[in-house]
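Trainee: give me a 3D structure for the following:
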Amino acid sequence: MTEPQQPQVLAGQKALVTGGSSGIGAGVALALARAGADVVVAYYSSPDGANEIVAQIKSLGRSAIAIKADISKPDETRALFDQSVAAFGTLDILISNAGLQRDAAFVDMSLDDWNQVIGTNLTGMFLCCQLAAREFLRRGPREMSKALGKIVCMSSVHELIPWAERANYAASKGGVKLLMQSIAQELAPKRIRVNSIGPGAIRTPINREAWETPEARKKLLELIPYGRIGEPEDIGQAAVWLCSDAADYVTGQTLFVDGGMTLYPEFADGG
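Mentor: You can find the predicted model right below:
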């Protein structure tokens, strides 16, 4: 059975997805390709995973390349963008997705745990967003998009919900919220749209222990009113919409894709 064709709402556009070798990033990269975009799959530690996603994108008839980069490092991030533009001519879309966790009780959390998470999740996002905006402005308008460029920051429900024993992660995502909104405000007059996606519980390798056993799955589902765990494809479809002209009047917003987790289901019966 062949996969149904999806509308090519991003036809001819060039996208960069950081953290694109697995999980949410891979799901977004594939969704963008199905919508017609050519995709740079940026990765840090999984060349095999990145090359597999590149192969899948090419099987859809789109162009794709894999580029290794540590986005917490300015020189590597700049090289990532230079190589992407050299390969595709420009970029129309940035999905700033790369992120990590280093969990620990607050009193035991090391400065290295703090710096690694902030460095990738927040500083890395700053670097990527800045370089993307500079490329959009350098290149100028393109006929295939009403906006000069589109940036989607991958945030989390934890830009809103505190998370004990993960102060570094929650702080990074709280920072992403106001980074996104501040640059969206600044760049809107230049017709650059900046938004975030806030995933809830998504079935990815990074959170396998939260859903792989019946007991863990049952406990997790208590936090999700819609009654299922999200899939990377759920985030991918949201990203396609945010990057399409259908969302041309949307900027500075976090789109929570969480099955209702941010509805605080523990209060459904009055708390």
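
Trainee: for the stretch 101-250 of the chain, just list every one of the helices.
Mentor: Here the stretch 101-250 of the chain has its helices, by DSSP state H, counting those that start in this stretch, at 111-118, 124-139, 167-187, 214-221, 232-243.

Trainee: ranking the ones you listed by mean pLDDT, which is last?
Mentor: Note on the helices of the stretch 101-250 of the chain: helix 214-221 shows the lowest mean pLDDT, a mean of 88.

Trainee: go ahead and confirm P225 touches G260.
Mentor: Yes - here P225 reaches G260: they are 3.6 Å apart, a contact under CB atoms under 8 Å. C-beta coordinates here come from the backbone N, C-alpha and C atoms, glycine included.

Trainee: measure G25 to R102 for me?
Mentor: Applying CB to CB, to the nearest Å, one obtains 19 Å for the distance of G25 from R102.

Trainee: who has more neighbours out of those two?
Mentor: G25 (29 against 16; other CB atoms under 10 Å).

Trainee: now do the same contact list for that one.
Mentor: 17-19, 41, 95, 97-98, 154 (CB atoms under 8 Å, 6 or more residues apart in numbering).

Trainee: shaky segments in this protein?
Mentor: Scanning the chain for pLDDT under 70 picks out the ranges 1-5, 207, 210-211, 271.

Trainee: can you pull out the strands in it?
Mentor: In the chain, the strands defined using DSSP state E lie at 14-17, 38-43, 64-68, 93-96, 149-154, 192-199, 254-257.

Trainee: same list (those strands) but as TSV, adding mean neighbour count and distance to F81.
Mentor: Formatted as TSV, those follow (neighbours: other CB atoms under 10 Å; distance: least, CB to CB, whole Å):
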stretch	mean neighbour count	distance to F81
strand 14-17	29	7
strand 38-43	28	9
strand 64-68	21	9
strand 93-96	30	9
strand 149-154	27	13
strand 192-199	25	15
strand 254-257	20	25
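
Trainee: of all those strands, which lies closest to E209?
Mentor: strand 192-199 (17.1 Å; CB to CB).

Trainee: may I have stretch 99-117 as CSV, with CA atoms only?
Mentor: What follows is stretch 99-117, C-alpha atoms only, in CSV (Å, rounded to 0.1, in the frame of the first residue of the first chain):
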residue,chain,number,x,y,z
GLY,A,99,18.3,19.7,22.9
LEU,A,100,19.4,17.5,25.8
GLN,A,101,18.7,16.6,29.4
ARG,A,102,21.1,16.2,32.4
ASP,A,103,18.8,15.3,35.2
ALA,A,104,19.7,15.7,38.9
ALA,A,105,18.3,16.8,42.2
PHE,A,106,18.8,20.6,42.5
VAL,A,107,21.2,20.3,45.5
ASP,A,108,23.3,17.8,43.6
MET,A,109,23.3,19.3,40.2
SER,A,110,26.8,20.1,39.0
LEU,A,111,27.7,23.3,37.2
ASP,A,112,28.6,21.2,34.2
ASP,A,113,25.1,19.7,34.1
TRP,A,114,23.7,23.2,34.2
ASN,A,115,26.1,24.6,31.5
GLN,A,116,25.6,21.7,29.1
VAL,A,117,21.9,22.0,29.1
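
Trainee: quick one: distance of it to the chain centre.
Mentor: 21 Å (CA atoms, centre = their mean, to the nearest Å).

Trainee: ok, now stretch 187-207?
Mentor: Worked out by CA atoms, centre = their mean, stretch 187-207 lies 5 Å from the chain centre.

Trainee: convert that stretch to CSV, retaining C-alpha atoms only.
Mentor: Only the C-alpha atoms of stretch 187-207 are listed here, as CSV (Å, rounded to 0.1, in the frame of the first residue of the first chain):
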residue,chain,number,x,y,z
LEU,A,187,11.8,40.4,13.4
ALA,A,188,8.1,40.6,12.5
PRO,A,189,8.5,44.0,10.7
LYS,A,190,11.0,42.3,8.5
ARG,A,191,8.4,39.6,7.7
ILE,A,192,10.3,36.8,9.5
ARG,A,193,8.0,34.7,11.6
VAL,A,194,9.2,33.0,14.8
ASN,A,195,7.2,30.5,16.8
SER,A,196,7.6,27.6,19.1
ILE,A,197,6.2,24.1,19.4
GLY,A,198,5.8,22.8,23.0
PRO,A,199,5.6,19.0,22.8
GLY,A,200,4.2,17.0,25.7
ALA,A,201,5.0,13.3,26.1
ILE,A,202,6.3,12.1,22.7
ARG,A,203,7.3,8.5,22.0
THR,A,204,11.1,9.0,21.4
PRO,A,205,14.3,7.2,22.5
ILE,A,206,15.1,9.9,25.0
ASN,A,207,12.1,9.2,27.2
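
Trainee: thanks a lot, catch you later.
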